[in-house]
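# Prediction below, plus the sequence it came from.
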Amino acid sequence: MPFAGKRVALALLAVLGLLSHTAAAWEKDKTYNITILHTNDHHGHFWRNDYGEYGLAAQKTLVDSIRQEVAAEGGSVLLLSGGDINTGVPESDLQDAEPDFRGMNLIGYDAMAVGNHEFDNPLSVLRQQEKLAKFPFLSANIYQKSTGERLFKPWALFTPQGIKIAVIGLTTDDTVRIGNPEFFTDIEFRNPAQEAGLVIQELQQTEKPDVIIAATHMGHYDDGRHGSNAPGDVEMARSLPPGALTMIVGGHSQDPLCMAAENKKQADYVPGTPCAPDRQNGIWIVQAHEWGKYVGRADFEFRNGEMKLAHYQLIPVNLKKKITWDNGETERVLYTPQIPESPQMLSLLTPFQKKGQAQLSVKVGSVNGRLEGDRNKVRFVQTNMGHLILNAQMARTNADFAVMSGGGIRDSIDAGNITYKDVLKVQPFANTLVYIDMNGQQVVDYLTEVARKQPDSGAYPQFANVSFVAAGGKLSDLRIKGEPVDTSKTYRMATLNFNASGGDGYPKIDEQPGYVNTGFIDAEVLKQYIEQNSPLDAAALEPKGEVSWQ
């Protein structure tokens, strides 16, 4: 990962050396206990799920008990978020995450990194959320192009027991590629690692903190192998001088970050079992999966200017495992003891939950099997959910074929009745349906470029009415609706404004002749299609190997 250069690194090392010459508010040879709690990728999950798992009410009980325990031993607690509070649960989305931020206030969060999904809404909505929150939104690498000024505070300072702790915020520079480009006309995302180096240097010269922590939304990738994603926490840690940060509280890749071996995460972490955080270049890296499923707890001992990790764990928040008995019946059983829900939090959130559910419980259709929209499928293979969504787009626009990035599909739908809530969970971003008329050669060029998007990223494409074999960056046997592409013919393609304006790195087509933005919201288009075509046949929507990569 590129960094600001050897001179900056050397200067930073020199500045780090100034620590020992500054006056300290802490006592020499005294051991202080500092506990860092952390969550990330909340995505609107303020309420427990249907199985009674997670939710802010249980999280508050857990955090309160840890605070009491630590305070009884004379220690202090900081609670940090790795960002992405927005987008994922309809009850939250319809209320611009107001219940989530109010709940975080009640729990007592100290700071939050700005995540990429904080930009799923216009900046005006994010500013309202920022006013609502009683804790700072941090990001050192997001700038306004027109002024050259940062859009958010780069850091926040805390002084538990006289120990000065600086928390830096950083946001993935992938945001401008994976977010809605319409919201970024005057926003620039600079290289987070380079900004981190500059900010650490500035902090040491001006504030002289005892400890520096980064709250990031950049992703953790084993051994720095980030694929088509932007570089994440591992690469940043390696680019900085050794120990320049004590800890990186991360998010974005949505992992229970527990290491099985050096540079290799555990593949299937079991809730409640021991968890070893990553350590790169003298810097601890942690991440607490997603949705408030866990609260990460790092217990540090601070003595004579040094911060040492004494213990780390991921604490499950009422997570359950599915057990099948000999008679075929199933039951969900807690991994760890039940955490009761805070009555105070329930009192706060119940009106928001009821308001949201009243708008979402209406049945819109039904399906006879599972529609696959899980993250580990739609970013790797073609799915029947992808076909359903794209069929809806083609029906509304009379298009010949349709394409969208798999990352825009956010949930599955199981067999049975389909509600408006189910639809909004699948497509929560409120993108608009667009189409464009292109000649055959333009179709070939467009699909060739899109087919290069790699699996295991949100850019991986879902196709409908398209077939081809991809090899060496080229397509063979390319067909639309089963017929070879005719370069002299005109075809209509449906997609979303997100991809049309260059989102996920797709070819930008929104300024080309023949482009039309219908203004129809994607979830509304899908809802209407389900209403008109129910009961849906899940098997009929299954991909049949139309597209393949060699």
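Thanks, I have it. Predicted, not measured: the structure shown is a model, and the values here were computed from it.

# Where do the helices of the stretch 151-300 of the chain begin and end?
Secondary structure of the stretch 151-300 of the chain (DSSP state H, counting those that start in this stretch): helices at 175-178, 192-206, 233-239.

# Could you give the secondary structure assignment for residue 364?
Using DSSP: H, G, I helix; E, B strand; the rest coil, the secondary structure recorded for residue 364 is strand.

# How many residues are close by it?
Counted with other Cβ atoms under 10 Å, residues neighbouring residue 364 total 19. Heads up, the C-betas are built off the backbone N, CA and C, glycines and all.

# Let me see the contact set for it.
418, 419, 420, 423, 527, 530, 531, 534 (Cβ atoms under 8 Å, 6 or more residues apart in numbering).

# at 6 Å what do you get?
418, 420, 527, 530, 531 (Cβ atoms under 6 Å, 6 or more residues apart in numbering).

# which helices and strands sit right next to the helix or strand hosting the third one?
The one in question is residue 527. Using DSSP states H and E, residue 527 sits within helix 522-533. Here helix 522-533 touches strand 363-367, helix 384-397, helix 420-426, going by 3 or more Cβ pairs under 6 Å, 6 or more residues apart in numbering; DSSP states H and E.

# could you give the mean pLDDT of it?
Averaged across helix 522-533, the pLDDT comes to 95.

# residues in contact with that helix?
So helix 522-533 is in contact with 364-365, 389, 392, 395-396, 418, 423-424, 427, 431, 433, 496, going by Cβ under 6 Å, 6+ apart.

# Next: stretch 169-177.
113-114, 116, 138-142, 184, 189, 192, 214-218, 230, 252, 505.

# Try it again at 7 Å.
The contact list for stretch 169-177 (Cβ atoms under 7 Å, 6 or more residues apart in numbering) reads 113-116, 119, 138-142, 152, 154-155, 184, 189-192, 195-196, 214-219, 229-230, 252, 504-505.

# Out of those, which sit inside strands?
113, 138, 142, 155, 189, 214, 215, 216, 217 (DSSP state E).

# which of those residues sit farthest apart?
155 and 189 (17.4 Å; Cβ to Cβ).

# what's the closest of the helices of the stretch 151-300 of the chain to residue 357?
helix 175-178 (29.8 Å).

# per the record, what domains does this protein have?
What automatic domain parsing lists as the domains of the chain is 6-352, 362-549.

# you'd agree residue 238 is up against residue 279?
No. Look at residue 238 against residue 279 with Cβ atoms under 7 Å: they stay out of range, at 11.4 Å.

# In terms of neighbours, single out the busier of those two.
residue 238 (17 against 14).

# Apart from its neighbours in sequence, what residue is nearest the more buried one?
Leaving aside its sequence neighbours, residue 238 sits nearest to residue 281 (Cβ to Cβ, 6 or more residues apart in numbering; 5.2 Å).

# try residue 422
According to Cβ to Cβ, 6+ apart, the nearest residue to residue 422 is residue 413 (5.1 Å).

# Low-confidence stretches in the stretch 251-400 of the chain?
Scanning the stretch 251-400 of the chain for pLDDT under 70 picks out no residues.

# which residues of it fall in strands?
In the stretch 251-400 of the chain, the strands defined using DSSP state E, counting those that start in this stretch lie at 259-261, 264-265, 278-280, 283-286, 294-303, 306-316, 320-324, 330-334, 363-367.

# If I take the last one and helix 384-397, what angle do their directions form?
It stands for strand 363-367. Using axes from the mean of the first three to the mean of the last three Cα atoms, to 10 degrees, the direction of strand 363-367 lies 120 degrees away from that of helix 384-397.

# mind checking how far strand 363-367 is from the chain centre?
29 Å (Cα atoms, centre = their mean, to the nearest Å).

# what's the angle between that strand and helix 522-533?
Using the same axes, to 10 degrees: strand 363-367 against helix 522-533 is 70 degrees.
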